[in-house]
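Chemist: everything below, folded, please.
(2 chains)
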Amino acid sequence: MAEEHASAAPPPPPRLSDADLASMLLIRHFEQRLLELFAAGELAGTTHTCLGQEYIPVALNPLLDSQDIIFSSHRGHGHYLARYPEPTGLLAELMGREGAICGGIGGSQHLFRSGFLTTGVQGESLPAAVGVALDLRQTGSDALVLVYVGDGTWGEGAVYEALNLASLWQVPLLVAVENNGIAQSTPIWRHMAGSIAARALSFGIDHIRVDQTDPGEIRCLLRKPVAAVRYTPQPLVVEFITQRLGPHSKGDDTRDPGELDDLRAKDWYPRYAAAFPDQFAGADSQQRELVEAVVREVTARRLVPGRSR
Amino acid sequence: MRTRRVVSDLNGALLELADSDGQLYLLGEDISDPYGGAFKVTRGLSTRHGGRVLSTPISEAAIVGVASGLALRGNRVIVEIMFGDFAGLCFDQLVNFTAKSVTMYGQRVEMPVVVRCPVGGQRGYGPTHSQNLQKHFIGVPNLRLFEMTPFHSNRAVLGRMLALGEPCLFFEDKGLYPSPMYEDGRIDELFGYDFLDARGNYARVFAGEPDRPDCLIIAPGGFVPRALAAMRRALLERDLLSQLIVPSQLYPVDTRPLVTQAVDAGRICVLEDGVAGGTWGREIAGLLYEHAWGRLRAPVRLIHPECGVIPAARHLEDEFAVTTAKIHDALIGMAHE
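Modeler: Below is the predicted model of the structure:
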């Protein structure tokens, strides 16, 4: 599998809609700013940025209905921002400041609002997602449950217990696998025997591999299968072959410099800037300034009060 | 009046709840008819409510996870873990997701999930089908522990747990299933019972009048048959008057009613089937020392098996377990302290 993540630089990207570009840039600048805030000592705790993977939630979001429920992962800021372009409440949560969406208790890995939930333990959310999907099926809803997991998540037994139930009960469960080829510091060839495709198929669950990175192309590919998840209903595993540009968390990247150079050469951000300079320049400065304003505003806010106050 | 067995009371309670609550799910391995669960507790339920009473694969983690998901959608869920020993398989789901979710998102998230765990030995089932693992779940935020007793109506206790909106573990001593349920304060010609507190959490068993006993036993419901037999013998042979307190909710501990009784009696022993080390009994003893220090006549005695593996051979298991004879001997020993 390793070679899938290290091929030559791909051809120039197709043009993005303004909305998709704005969403991808919002996530990019938000995540980059987080790493800077950590480096400056303005942020404590931990974070897992999705640099390089921004297009996945941006591609999926328009395929979702307002009633759909997302279970996100430890690497979930992009999933959140693609659905709710509200960086202020999210940053406040990460900084423990007023306006925090979960009162500063959840932090980066434990976000909750109607239709969106993240947990901090790998694989833990899949069984709960099956429970929600079972309710949707039982109540005749047309909604679906989307669960984001990584390739590393597939080491957890709960994943297989959940897939087994999802297939037995034929519930509307869409599993989006962000296969970035690395679990924290362990490359996929060291942590996964066989393949995600074979594992999904062994439960009688369809598997779609997505090598594309253009949101429009991805939607064309997935529109019908996602509708089948919703209306049949039935589970589906969609595996995105993607790349993690940044460290697992903060400054803990042990990958070879040459490998990182290869990944950066494929980064959509500079390539898109070069391919569509006019569209890019304005959109980029707009999102950069927006995130900058959010950082200024949230940093100036008071810390969320503790119980004693 | 015909005696109602504990297992029938529990089965009837589940049926009544499933009948009256269209959003109640029951999940577990082999719980559907005609099998009706390994201990027949869920007999008849899937026949009446097949869509909400679901037999599952052997997947404890997923079962509890699914329960959490159903609860997130406004349903109430009762899960059966076939043997409480297997609760370790759903530890992460229960501790890190179901329980934590109630408060980890900075807003209250209701999780009305009850996880039923048949526990206990004295059946020769051996090391992995006989344990009482309560101690491993003590002190988990938003997780409550209850235990089945012959004094507390299962319908009322299950209703109370589901109404809390927080996950609860319900431990059911397997040995108690065939025992009689007690009603109206009467046990037999010698013993009666009442409730210590307005909520009815603590049943108090006594002979004659409930005034100053020679010693006080605090024990979960599974001990009732053994404790009663030991108390009877101590009373008839040695004229030793003991009293027994049986909580419905084990943890968190409602301390005040216990302290009053403990101070009255002065000598206390706590019985439990979980093996030594970091146990519920230690928790009770610690609370009594904290709140009644200087008012007790002797240290709190903890009576539980040593920290070992529960043997399968019946004679070895008897040697290992807290039996009627051991409880009796402890009572006699305490009277002389």
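Chemist: who does the residue nearest to the spatial centre of chain B bridge with?
Modeler: Nearest to the geometric centre of chain B sits B:Glu147, at 1.7 Å (Cα atoms, centre = their mean). For B:Glu147, the beta-bridge partners under DSSP bridges are B:Phe171.
Chemist: tell me the pLDDT of it.
Modeler: B:Glu147 is assigned 98 on the pLDDT scale.
Chemist: surely it is in contact with B:Val224?
Modeler: No - using Cβ atoms under 8 Å, B:Glu147 makes no contact with B:Val224, being 10.4 Å away. The C-beta positions use only the backbone N, C-alpha and C, and glycine is treated the same way.
Chemist: show me the contacts for the closest residue to chain B within the stretch 151-300 of chain A.
Modeler: Proximity of the stretch 151-300 of chain A to chain B (Cβ to the nearest Cβ) peaks at A:Glu161, 3.5 Å away. If you count contacts by Cβ atoms under 8 Å, 6 or more residues apart in numbering or on different chains, A:Glu161 has them with A:Pro127, B:Pro57, B:Ser59, B:Ala61, B:Ala62, B:Gly65.
Chemist: hmm, the second one is touching A:Leu165, no?
Modeler: Yes - proximity of B:Pro57 to A:Leu165 meets the contact threshold set by Cβ under 8 Å, at 6.8 Å.
Chemist: give me the more crowded residue out of the two.
Modeler: Remark: of B:Pro57 and A:Leu165, A:Leu165 carries more neighbours, 27 against 12, as counted by other Cβ atoms under 10 Å in any protein chain shown.
Chemist: in a strand, A:Thr213, correct?
Modeler: No - per DSSP: H, G, I helix; E, B strand; the rest coil, A:Thr213 lies outside any strand segment and is coil.
Chemist: who's in contact with it?
Modeler: Counting by Cβ under 8 Å, 6+ apart, the residues that A:Thr213 touches are A:Pro10, A:Pro13, A:Tyr55, A:Thr242, A:Trp268.
Chemist: need the contacts of A:Glu161 in TSV with distance to B:His336 and secondary structure, can you?
Modeler: Shown next, in TSV, are the contacts of A:Glu161 (distance: Cβ to Cβ, whole Å; DSSP: H, G, I helix; E, B strand; the rest coil):
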residue	distance to B:His336	secondary structure
A:Pro127	54	helix
B:Pro57	55	coil
B:Ser59	52	coil
B:Ala61	50	helix
B:Ala62	53	helix
B:Gly65	52	helix
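Chemist: make a ChimeraX selection of whichever of the residues you listed turn out to be buried.
Modeler: With 16 or more other Cβ atoms under 10 Å in any protein chain shown as the criterion, this ChimeraX line picks the buried residues out of the contacts of A:Glu161:
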select /A:127 /B:59,61,62,65
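Chemist: of the contacts of A:Glu161, which pair is most distant in space?
Modeler: B:Pro57 and B:Gly65 (12.7 Å; Cβ to Cβ).
Chemist: for the residue of the stretch 151-300 of chain A closest to chain B, helix, strand, or coil?
Modeler: helix.
Chemist: same check, this time on B:Leu169
Modeler: strand.
Chemist: how about A:Glu178?
Modeler: Once three-state DSSP is applied, A:Glu178 turns out strand.
Chemist: swap in B:Phe206?
Modeler: Going by three-state DSSP: B:Phe206 is strand.
Chemist: what bridges to it?
Modeler: Residues in beta-bridge contact with B:Phe206 (DSSP bridges): B:Gly192.
Chemist: for the stretch 51-200 of chain B, what lies in contact range of chain A?
Modeler: Contact residues (Cβ under 8 Å from any Cβ of the partner chain) of the stretch 51-200 of chain B with chain A: B:51, B:56-57, B:59, B:61-73, B:75, B:92-93, B:96-97, B:101, B:103-107, B:109.
Chemist: quick one: the helices in the stretch 151-300 of chain A, in order.
Modeler: Using DSSP state H, counting those that start in this stretch, the helices found in the stretch 151-300 of chain A span residues A:157-169, A:188-191, A:196-202, A:215-231, A:257-265, A:268-275, A:277-300.
Chemist: spell out which parts of the stretch 151-300 of chain A neighbour chain B.
Modeler: Checking the stretch 151-300 of chain A against chain B by Cβ under 8 Å from any Cβ, the hits are A:Gly157, A:Ala158, A:Glu161, A:Ala162, A:Asn164, A:Leu165, A:Leu168.
Chemist: so which elements touch the host helix or strand of B:Val270?
Modeler: Using DSSP states H and E, B:Val270 sits in strand B:268-271. Applying 3 or more Cβ pairs under 8 Å, 6 or more residues apart in numbering or on different chains; DSSP states H and E, we find strand B:268-271 packed against strand B:215-218, helix B:280-292, strand B:301-303, helix B:324-335.
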